[in-house]
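> Mind folding the following:
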Amino acid sequence: EYTDLSNDTPMSAAESHELLECPICFDALCEQKCAVFATATGKRVCTHAMHLNCAKELTTKTCPICRTGFDMCREVPHIEDNPEGWFACCDIDGNGRIERAQALAMLLTQLPLDPVAFERELIAKWQSLRVTQDGSPTLTRFEFLKPGGLVDFAKSHLPNANGANADGGVTDRRGPIPDI
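I've put the predicted structure just below:
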């Protein structure tokens, strides 16, 4: 069983920061290739992600966060290079749908974003991304890939060489300076 990310309640600052750093080396997830844990058939066993190199160096075949057993580390394809592979990796249940929290968690492994601000934008955008109004809070593969879908939304938040995103705003994941 995997950690439930289906709750539509926005993340706390502490939860969002957990999604930003590798639980092994504590470096930013978006700075290196990431991996998730899967069965021998490729189905994810939990919602956790970490740097691919850190995952490969684990001495046991259990997630260091939730202790769920796994057969292999599955590299998370970059959403820009392989959106279909990214969707398949994000689809924890293997049902051809992704939940907003699952998408948010995986996007934060790859994009240098302010997690709280990006989640607010994603919450506002999520309903308009959906074509099927079947009451499900999930996106289908089609809704994900369609023009103006989640792939385009994510790409619009990728920083360019100047640190600005496609909308001209600056994406900065640094929070306030800690009071030590």
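
> Setting aside sequence neighbours, what's the nearest residue to Gly94?
Using C-beta to C-beta, 6 or more residues apart in numbering and skipping residues adjacent in sequence, the residue nearest Gly94 is Lys43, 5.3 Å away. Placement of C-beta: from N, CA and C, glycine included.

> Now do that neighbour: how many residues are near it, please.
Here the count is done by other C-beta atoms under 10 Å, and Lys43 has 14 residues near it.

> Report pLDDT for it.
As predicted, Lys43 sits at a pLDDT of 87.

> Would you mind measuring from it to Thr138?
17 Å (C-beta to C-beta, to the nearest Å).

> Could you list the low-pLDDT ranges of this structure?
Within the chain, the ranges that satisfy pLDDT under 70 run 1-19, 131-136, 159-180.

> Pick out the residue nearest the middle of it.
Centroid-nearest residue in the chain, with C-alpha atoms, centre = their mean: Met106, separated by 1.0 Å.

> and it, what element?
helix 100-108 (DSSP states H and E).

> Next, the buried residues of stretch 143-157.
For stretch 143-157, burial by neighbour count (16 or more other C-beta atoms under 10 Å) applies to 143-144, 149-151, 153-154, 157.
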